[in-house]
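[1] when you get a sec, could you give me coordinates for this:
(one chain, ligands or ions: 1)
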Amino acid sequence: MPLACLTDFQAFARERLPKSTWDFIEGGADDSFTRDDNIAAFKRKLFVAKHRIRLRPRYLKNVVNVDTRTTIQGEEITAPICISPTGFHCLVWPDGEMSTARAAQAAGVCYITSTFATCALEDIAATAPRGLRWFQLYVHPDRQLSKQLVQRVESLGFRALVITVDVPKLGNRRHDIRNQLDLKLNLLLKDLHSPKERTSMPYFQMSPIDSSICWNDLSWLQSITRLPIILKGILTKEDAELAVKHNIHGIIVSNHGGRQLDDVLASIDALAEVVAAVKGKMEVYLDGGIRTGNDVLKALALGAKCVFLGRPILWGLAYKGEDGVKEVLNIIKNEFHTSMALTGCQSVAEINQDMIQFSRL
Ligand code: FNR
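    Numbering: from 1, shown residues only. Just a heads-up that it's a prediction; the model follows:
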């Protein structure tokens, strides 16, 4: 039976993957409240309980030619649906990130490659040379190491640096602790360590993230690269205003798929506050809980320029590698096309706040 929606891929991946890998992908922090809320919030606004986000369709608008194309940081993508950074793709499929990169290139969308990629960055770039790629950086306490990595990704043609700000420390992922996953993940990392280093310590001790990093350090990053810098994980207007002040090029509103601080707002519930705070001075994107074309439409109506998918890409990879990721992207792009047509939008630029309402249950 063909898989018809993104959650069909989730069910397949659950069947196919070893338990510890499945738990690693699906897991949230602590009670996984925010992970689950990311999805529920598209249907139901929790902070105004009993309200839900609903669409307001407009008809008789000639939707023969619906155009889903848009741009991010000035580069064209075929739809405002791209790929969030997730680590360790080789846990799920043998040539991991290389398959993901080829699928993204074929779909004409951006792939944010994680610092915790399990294929060498050179191989990822070479396998999909025409694909739009950004690189997600966890800043290492050894600044020289980070500088070398930044220069390497710049020379490999990555087009933006995404700094993940919500991991000064790893969230409490209970399943991973119970499954003692660390060593397995260590062995998969390609870019960060010598083989000798890969053997014993927990991966976050081995690949430490600089928890001292703060706003003033962004000027150091800006001094070592010409790439636009995007901050991933901003959830408040205060931080959004600081991002504007520090000449950042974009924000991904995100709570790391509910894997870091539990009990924060669902991404979609934090979006409007961030969009209002930046006052159009930079592009705002969103990830977390996007599972359907209607979710994409709602996020764009609330001010996102583009959304990114995390877990659904890994489900696609687990299903059939490159072809599985292509299928996932195709399905949600087609759903989004339908959402646009059925709400009366010919172009992405027409999507606006008037297309949604908060209705009482
Ligand atoms: C992630 N995420 C993540 N984020 C990041 O900045 N760097 C990383 O290496 C990872 N790794 C990672 C691994 C796995 C298995 C998951 C599920 C997530 C977070 C990711 O980029 C994104 O924010 C969420 O996955 C988005 O939520 P959905 O689409 O999974 O609901």
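[2] how about low-confidence regions in this structure?
    Residues of the chain meeting the criterion pLDDT under 70: 44-50, 183-184, 186-187, 190-207, 360-361.
[3] I'd like the distance between the residue nearest to the spatial centre of it and the ligand.
    The chain has Ser84 as the residue nearest its centroid, 2.4 Å off, counting by CA atoms, centre = their mean. Look at Ser84 and the ligand: by CB to the nearest ligand atom, to the nearest Å, they are 4 Å apart. For the C-beta atoms, the positions are set from N, CA and C on the backbone; glycine is no exception.
[4] wait, doesn't that residue sit right on Leu309?
    Yes. Counting by CB atoms under 8 Å, Leu309 is a contact partner of Ser84 at 6.1 Å.
[5] can you list residues touching both of the two?
    Common neighbours of Ser84 and Leu309 (criterion: CB atoms under 8 Å, 6 or more residues apart in numbering): Asp287.
[6] skip the chain neighbours and tell me the closest residue to the closest residue to the ligand within the stretch 251-361 of the chain.
    Here the stretch 251-361 of the chain gets closest to the ligand at one residue, Gly310, 2.0 Å apart by CB to the nearest ligand atom. Closest residue in space to Gly310, ignoring its immediate chain neighbours: Ser84 at 4.2 Å, by CB to CB, 6 or more residues apart in numbering.
[7] report the contact partners of the one you found.
    Applying CB under 8 Å, 6+ apart to Ser84 gives the contacts Ile112, Ile252, Ser254, Gly257, Asp287, Phe308, Leu309, Gly310, Ile313.
[8] how about the helices of this protein, start to end?
    6-16, 19-26, 33-40, 96-107, 121-127, 143-155, 174-179, 182-188, 203-206, 218-224, 237-245, 267-278, 293-301, 311-343 (DSSP state H).
[9] export these as JSON lines, with columns for mean neighbour count.
    Formatted as JSON lines, these follow (neighbours: other CB atoms under 10 Å):
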{"stretch": "helix 6-16", "mean neighbour count": "17"}
{"stretch": "helix 19-26", "mean neighbour count": "18"}
{"stretch": "helix 33-40", "mean neighbour count": "20"}
{"stretch": "helix 96-107", "mean neighbour count": "24"}
{"stretch": "helix 121-127", "mean neighbour count": "18"}
{"stretch": "helix 143-155", "mean neighbour count": "16"}
{"stretch": "helix 174-179", "mean neighbour count": "15"}
{"stretch": "helix 182-188", "mean neighbour count": "17"}
{"stretch": "helix 203-206", "mean neighbour count": "17"}
{"stretch": "helix 218-224", "mean neighbour count": "15"}
{"stretch": "helix 237-245", "mean neighbour count": "17"}
{"stretch": "helix 267-278", "mean neighbour count": "21"}
{"stretch": "helix 293-301", "mean neighbour count": "25"}
{"stretch": "helix 311-343", "mean neighbour count": "22"}
